[in-house]
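Q: would you be able to build a 3D model of this:
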Amino acid sequence: MTVRRSAAALAASAVLCVGVAPAALADTPPPSPSAPPVIPSGLYGKTDPTYDGVWRQSFALLAQDTAGVKPAAQAVDWLVGQQCANGGFASFRADASAACDDKTMYDTNATAAAVQALKALGGKDDAVAKSVAWLKSVQNEDGGWAYVPGTPSDANSTAVVISALAVAGEKPAAITSKAGKSAYDGLLAFQLGCATEPATDRGAFAYQPADGKLVANADATAAAVLAGLGRGAVVVPSGTDTPAAPLTCPAASPADPAAAAQGAAGYLAEALRKDGHLTALTPGADQPTADTGNTADAVIALAAAGHKQAATGAVEWLKTHSAEWSKGSPAALGTLILAAQATGTDPKSFGGTDLVAALNATGPAPQGAATDATPVEEEKDKPSGGQNIWWIIGAGAAAGMGIGILLSGRRKKNQL
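A: Numbering: from 1, shown residues only. Here you go, the predicted structure:
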């Protein structure tokens, strides 16, 4: 759940440019990015917030609250000010004083993240209620949600919306579309079942079908574990620990979200067993590389499912391999804090790094904090993980919504 810039770019390009043939872009160089917007004083992070402003702010505030830090009032006000009158959020609005209209590209993921943050902070019940109502209003007929309303459902968006609704006090199983499909009907349709080969992929979730086939996706799977359990990103460490197990086959109850979540957790535990971290094949790479973001998400998911021991190796790996990835990134630092919280690990001593201090230094000083903190060094407008965001937009324009299937864990791998 750490990075949404590339995801939003993909969604935006698919909506705006769907139908553009790959051949038309084959010899076309990436467009030159326009000047980035001015970073608002209340926003955490110094990189271009166009595709992730609300998302990273939400995770920064959520993590601060979890760590016992009272966020700066201007940071909270900035997030609330991003909400449109109908309750939805865009990824980022440079001019929040302008009313949202039919040109506003709403973002279900950003809205869901904001719901979790505002609910945790308290005192924002009206804003939370408006966002919950908006999320319900853009549910697809299959019961799921899309990143951009009006496009096909995907497991990632469906999962993060379900988690937000559950955190807000809703019962996802009772939230149904006009066609009578529940939120869990929409989510479980993406799970790889007992007939899946190889068997090690059973229990995983796909982002969307690829040529009619479900392909295991760690990003979707980690999010689905939390959703199936009716949990959000804040996980209280469990007092007990149970071994993670693969999906029960034949499934006792295919429509049981909790059982589906446990099967998904079993997939993640097995995927982490070899190296202590997840891997992913990024565009242009010949070999899979370490997937830090989804590894952190897997830790949170396994802890939520009661499998703390299965997450231990990954926590230790993150302690020694996440510093560069999370440097200056409020969403990445926030996710690491949540992973530490979920496993009973001290976020102020995480592999020699004080994650809380590092997060605080990316934005306005929290209430009651010292004001002489040294800001974390950041590269302004650096694309996610060094990837060229405009290359992603071009690829999205060429391939449309389905490009997300090719970018396993597309939202979370690299820093903002």
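
Q: residue 178: how many residues sit nearby?
A: By other CB atoms under 10 Å, the residues close to residue 178 number 8. Yep, even glycine has a C-beta here, placed from its N, CA and C like the rest.

Q: now do the SS call for it.
A: Recorded secondary structure, residue 178: coil (DSSP: H, G, I helix; E, B strand; the rest coil).

Q: and the pLDDT at it?
A: What the model reports for residue 178 is a pLDDT of 96.

Q: give me phi/psi at the spatially closest residue to it that is not a sequence neighbour?
A: Spatial nearest neighbour of residue 178, excluding adjacent residues (CB to CB, 6 or more residues apart in numbering): residue 141 at 6.2 Å. With angles defined as degrees, to the nearest 10, residue 141 sits at phi -60, psi -30.

Q: correct me, but residue 141 touches residue 179?
A: Yes: look at residue 141 against residue 179 with CB atoms under 8 Å: they come within range, at 4.1 Å.

Q: circling back to that earlier point, can you report how many residues lie near the residue nearest to residue 178?
A: 12.

Q: so who does it touch?
A: 177-179, 181 (CB atoms under 8 Å, 6 or more residues apart in numbering).

Q: one more time with 10 Å
A: By CB atoms under 10 Å, 6 or more residues apart in numbering, residue 141 lies in contact with 153, 177-181, 186.

Q: weed out the non-buried ones from these.
A: Of the members of these, the ones counted as buried by neighbours, 16 or more other CB atoms under 10 Å, are 153, 177, 181, 186.

Q: look up how far residue 153 lies from the residue lying closest to the third one once chain neighbours are set aside.
A: Read it as residue 181. Spatial nearest neighbour of residue 181, excluding adjacent residues (CB to CB, 6+ apart): residue 143 at 3.3 Å. Per CB to CB, to the nearest Å, residue 143 is found 8 Å from residue 153.

Q: which residues are in contact with each of those two?
A: 177, 181, 186-187, 189.

Q: can you pull the buried residues of the longest helix anywhere in the chain?
A: Identified as the longest helix of the chain according to DSSP state H is helix 257-273. Neighbour-count burial for helix 257-273, counted by 16+ other CB under 10 Å, picks out 257, 259-272.

Q: quick one: average confidence on that helix?
A: When pLDDT is averaged over helix 257-273, the result is 96.

Q: now it, how far from the centre of its chain.
A: The chain centroid and the centroid of helix 257-273 are separated by 18 Å under CA atoms, centre = their mean, to the nearest Å.

Q: so how far is residue 235 from the residue nearest to residue 181?
A: In this structure, residue 143 and residue 235 are 25 Å apart, going by CB to CB.

Q: follow-up on the earlier one: dump the longest helix of the chain to PDB, keeping only the CA atoms.
A: Only the C-alpha atoms of helix 257-273 are listed here, as PDB (Å, rounded to 0.1, in the frame of the first residue of the first chain):
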ATOM      1  CA  PRO A 257     -14.100 -14.300   3.200                       C
ATOM      2  CA  ALA A 258     -12.200 -15.300   6.300                       C
ATOM      3  CA  ALA A 259     -11.200 -18.700   4.900                       C
ATOM      4  CA  ALA A 260     -10.300 -17.000   1.700                       C
ATOM      5  CA  ALA A 261      -8.100 -14.600   3.600                       C
ATOM      6  CA  GLN A 262      -6.300 -17.400   5.400                       C
ATOM      7  CA  GLY A 263      -5.700 -19.200   2.100                       C
ATOM      8  CA  ALA A 264      -4.200 -16.000   0.800                       C
ATOM      9  CA  ALA A 265      -2.000 -15.600   3.900                       C
ATOM     10  CA  GLY A 266      -0.800 -19.100   3.300                       C
ATOM     11  CA  TYR A 267       0.300 -18.100  -0.200                       C
ATOM     12  CA  LEU A 268       2.200 -15.100   1.100                       C
ATOM     13  CA  ALA A 269       3.900 -17.100   3.900                       C
ATOM     14  CA  GLU A 270       5.100 -19.700   1.300                       C
ATOM     15  CA  ALA A 271       6.300 -16.900  -1.000                       C
ATOM     16  CA  LEU A 272       8.400 -15.400   1.800                       C
ATOM     17  CA  ARG A 273       9.800 -18.600   3.000                       C
END
